[in-house]
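1. Mind looking at a prediction? Sequence and model below.
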Amino acid sequence: MGRFLVSLSAGILVILGGWVGWSRAGTVDDLLADASSVAAPSTDTTSSTGGAASPLTTDPDTSISLLDSPASPPCSRPRPVGAAGMNRLMEQLDGEPRLQGGDHGGSAALADGRRLFVYGDTIRDPVTVSPFMVRNSALVANRGCVTALPGPSGDAFIPDDSDNTGYWPMSLRSVAVTGGTQVQIITNRVRQTGDASVFQTLGSSLVTVEVPTGRMPQVVDQQPLAADSKDPRIPTWGAAMWDHDDHVYVFGTASNETKTTAGWSLHVARTTPDELGDMDRWEYWDGTRWAVRSDVSAHGTAELIPAEQGVSHVLSVFERDGSWYAVSKEGDFQGRSLAVWKSPSVTGPWTKHIIEPLENSDGIQRYTPLAHPDFVTPAGTLLISWSESPVDHGLYRTDPHMYRPRFQEIILP
């Protein structure tokens, strides 16, 4: 049942945490005024290639509002503040039968002041919802309220394919456009390989979600990025993603042929927002220059961080105040420490800093730390989260709160 615990026979995916619960459409201005803890997505309406950013295709008059449900009253809870507030916010999943627990931990700010969260393998209330587990889920938070989002068939938010291939979210970006917010999520295609807890990670896909102001997010497009591959030496592109200086930087993680490294190596490519869906038009860092895909295929992309005692299969990479940071667990799932790698440039050199212990202990697995750099904390610290799951799988049904991300604040090196 792991997520990217599959990296070592297990795996993890995504949670997205934030504060946007549902509110009346007429109180969007109030939402924006109360969103001081979240940095809004880019409001640039011009792409880096000079073209105008496309408005939403979703018709807000036909999309679902939380107001359409009598079970979704206006939120009266205050917005969460810092890691303690986020941990309390996640306790509300006790009342969300579609999302009792899940792993990973990424989030994206929405233009109307809400926040979108995406999770990987998700467990649900077995009494009222079926199936018990789905490959992914999504959550919207507004102030101190949360709402789990139904998939088109009542199951995964990003539906499985007909051949039982599912999708684990890895990284995401959001941009304010006419009518609301567009969110792009890079996912890892995964397929169960017999045993219920063993999965095979395949290629990456790009999912586009539209979020009309005050309305429910909807998946509007899904396309493959990288072809399926069983070779861990080929980077899993989309393990992290960050916008900077008119480029989208996309990071990949890789290992050796037998996946015997204690961690994954980090690689980087860059593209424009308009060309994110076409890897043939990306530029890849080969160690000395940015090169087109055909020029790096023979010898591969350069390692920014080596695999041995390297990063997790999925991580967070971002720029702040002229420095680049990679937040991850040193040595991936079996590692013992939360680490931050720092660099003056996206291409390196990267220096590792051990932050604090992050061990698997007391029957709890702790994995895939993620950063939420657009969440403004009162102390100016960095908000992070990591996934937790019990070793005893029976606890998934009796104690689903044990299978949720935990939040903390750290000081960057």
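-> Sure, I can see it.

2. So which residues of the chain form helices?
-> Taking DSSP state H as the test, the helices found in the chain are 28-33, 82-90, 293-296, 395-398.

3. Can you tell me which residue is spatially central in the chain?
-> Gly106 (3.3 Å; CA atoms, centre = their mean).

4. What count of nearby residues applies to Ser323?
-> Neighbour count of Ser323, defined by other CB atoms under 10 Å: 13. To be clear about C-beta, it is placed using only N, CA and C from the backbone, and glycine gets the same treatment.

5. That one: what's it in contact with?
-> Taking CB atoms under 8 Å, 6 or more residues apart in numbering, we find Ser323 in contact with 342-344.

6. Pick the one among those residues closest to Asp231.
-> Ser343 (27.2 Å; CB to CB).

7. For Tyr284, see how far away that closest one is.
-> Using CB to CB, to the nearest Å, Ser343 is found at 17 Å from Tyr284.

8. Compare those two (neighbour count), which wins?
-> Tyr284 (25 against 18).

9. Can you tell me who that one pairs with across the strands?
-> Beta-bridge pairing for Tyr284 (DSSP bridges): Ala269, Ala291.

10. Test my guess that it contacts Ser297.
-> No: the criterion here is CB atoms under 8 Å, and Tyr284 misses it with Ser297 at 9.3 Å.

11. just the strands in the stretch 51-200 of the chain please.
-> In the stretch 51-200 of the chain, strands defined by DSSP state E, counting those that start in this stretch lie at 101-102, 106-109, 115-119, 122-123, 133-134, 137-142, 145-148, 165-177, 180-192, 199-212, listed in chain order.

12. Give me the neighbour count for the nearest residue to Glu330 once chain neighbours are set aside.
-> Counting by CB to CB, 6 or more residues apart in numbering, Glu330 lies nearest to Ala339, which is 4.1 Å off, once chain neighbours are set aside. Look at Ala339: counted by other CB under 10 Å, it has 26 neighbours.

13. Does Ala339 touch Pro357 like I think?
-> No: the pair Ala339 / Pro357 is not scored as a contact, 10.9 Å apart, by CB under 8 Å.

14. now the stretch 251-400 of the chain, which segments are flagged as low pLDDT?
-> Within the stretch 251-400 of the chain, the stretches with pLDDT under 70 are 298-299.

15. If we use 90, what do you get?
-> Residues of the stretch 251-400 of the chain that meet the criterion pLDDT under 90 lie in 293-300, 376.

16. now do the stretch 101-250 of the chain
-> 105, 143, 150-154, 161-165, 191-202, 227-231.

17. one more time with 70
-> In the stretch 101-250 of the chain (pLDDT under 70), the answer is 194-198.

18. follow-up on the earlier one: find residues that contact each of Ala339 and Pro357.
-> Counting by CB under 8 Å, 6+ apart, no residue touches both Ala339 and Pro357.

19. Next, count neighbours for Val340.
-> 23.

20. residues touching the residue lying closest to it once chain neighbours are set aside, list them.
-> Excluding its sequence neighbours, the residue lying closest to Val340 (CB to CB, 6+ apart) is His353, at 5.0 Å. Contact partners of His353, counting by CB under 8 Å, 6+ apart, are 339-342, 413.

21. any idea how far Thr377 is from His353?
-> For His353 relative to Thr377 (CB to CB), the value is 19 Å.

22. can you check Thr351 too?
-> 24 Å.

23. In terms of neighbours, single out the busier of these two.
-> Set Thr351 next to Thr377 and count neighbours by other CB under 10 Å: Thr377 wins out with 16 against 12.

24. Leu383 is in contact with the more buried one, correct?
-> Yes: if you go by CB under 8 Å, Thr377 and Leu383 touch, sitting 5.6 Å apart.

25. tell me, what's touching those two both at once?
-> With CB under 8 Å, 6+ apart as the test, Thr377 and Leu383 both reach 82-83, 409.

26. Any idea which of the residues you listed the model trusts least?
-> Minimum pLDDT for those is recorded at Gly82 (94).

27. Please name the nearest non-neighbouring residue to that residue.
-> The spatially closest residue to Gly82, leaving aside those adjacent along the chain, is Thr377, at 4.9 Å (CB to CB, 6+ apart).

28. show me what contacts the one you found?
-> Thr377 sits in contact with 37, 81-83, 383, 409, where contact means CB under 8 Å, 6+ apart.

29. Just among those residues, which is most surrounded?
-> Busiest of those [other CB under 10 Å] is Leu383, holding 24 neighbours.

30. hang on, the earlier thing: which of the contacts of His353 fall within strands?
-> Mapping the contacts of His353 onto strands (DSSP state E) picks out 339-342.

31. is it possible to export these to JSON lines including distance to Gln223?
-> Converted to JSON lines, the ones in strands among the contacts of His353 look like this (distance: CB to CB, whole Å):
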{"residue": "Ala339", "distance to Gln223": "33"}
{"residue": "Val340", "distance to Gln223": "33"}
{"residue": "Trp341", "distance to Gln223": "31"}
{"residue": "Lys342", "distance to Gln223": "34"}
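
32. nearest to Tyr249, of those residues?
-> Comparing these against Tyr249 with CB to CB places Trp341 closest, at 14.5 Å.

33. surely that closest one meets Val311?
-> Yes: between Trp341 and Val311 there is a contact under CB under 8 Å: 7.4 Å.

34. thinking again about what came up before, I'd say the residue nearest to the centre of the chain and Val317 touch.
-> No: counting by CB under 8 Å, Gly106 stays clear of Val317, with 11.8 Å between them.

35. now stretch 376-393: how far from the chain's centre is it?
-> 13 Å (CA atoms, centre = their mean, to the nearest Å).

36. and it, how far apart are its ends?
-> Terminal residues of stretch 376-393 lie 35 Å apart, using CA to CA, to the nearest Å.

37. As JSON lines, the contacts of Thr377 with distance to Trp242 would be great.
-> Listed next are those as JSON lines, based on distance: CB to CB, whole Å:
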{"residue": "Ser37", "distance to Trp242": "20"}
{"residue": "Val81", "distance to Trp242": "25"}
{"residue": "Gly82", "distance to Trp242": "23"}
{"residue": "Ala83", "distance to Trp242": "22"}
{"residue": "Leu383", "distance to Trp242": "16"}
{"residue": "Glu409", "distance to Trp242": "20"}
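
38. what's the closest of these to Ser255?
-> Nearest to Ser255 out of these is Leu383 (CB to CB; 28.9 Å).
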